[in-house]
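>>> Give me the fold of what follows.
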Amino acid sequence: MRMKFIADEDIAQRIIALLHQAGHGVLDIKRAEKRFSDIEIIRLSEKGRRIIITHDKDFLTLLSNPKFKFKLIFIKVSPPTRENMDKIASFILEKKVWERMKRSAVIKLVGDEIFASSD
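The predicted structure follows:
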């Protein structure tokens, strides 16, 4: 199933490229002609039925606000090396994280292990 995502400005090009290669639509906020606030990104997500992918913890806080109805994949990875970005992207694609979540998924890479939780 082809999914639609919004990649926040902090998401590595490597993750965006791998999602595109897998046939998914990705709106890359970094390439937009203007800067978007978090609220504007949420509105774009809601309007276009896109899942936001970000490292920005502010979206986790906004997710709890009942006036917003968006889906979120929050990624925590350190260090953000190409190898680690590949691991995260592969995990997202192989596990089809979006199929298991209602509103959000948190994915953390700690050492060589990936931990994921979803609501």
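
>>> if I look at Ser45, how far off is Arg35?
According to C-beta to C-beta, to the nearest Å, Ser45 stands 16 Å off from Arg35. Where you see a C-beta, it was placed from the backbone N, CA and C, and this is true even at glycine.

>>> Helices of this protein, start to end?
13-21, 38-48, 58-63, 82-95, 97-100 (DSSP state H).

>>> now the spatially most central residue of the chain, which residues is it bridged with?
The chain has Ile53 as the residue nearest its centroid, 1.4 Å off, counting by C-alpha atoms, centre = their mean. Beta-bridge partners recorded for Ile53 (DSSP bridges): Ala7, Ile73.

>>> how close does it sit to Lys67?
22 Å.

>>> Kindly report the same for Asp10.
Distance from Asp10 to Lys67, counting by C-beta to C-beta: 24 Å.

>>> So between the two, which is more surrounded?
Neighbours around Asp10 and Lys67, counted as other C-beta atoms under 10 Å, are more numerous at Asp10. The numbers are 13 against 6.

>>> tell me the pLDDT at the more buried one?
Note for Asp10: predicted pLDDT of 91.

>>> Let me see the contact set for the residue nearest to it when sequence neighbours are not counted.
Distance criterion C-beta to C-beta, 6 or more residues apart in numbering; nearest residue to Asp10, sequence neighbours excluded, is His55 at 4.5 Å. His55 makes contact with Asp8, Asp10, Ile11, Phe74, Ile75, Lys76, Val77 under the criterion C-beta atoms under 8 Å, 6 or more residues apart in numbering.

>>> Kind regards, and thank you for your time.
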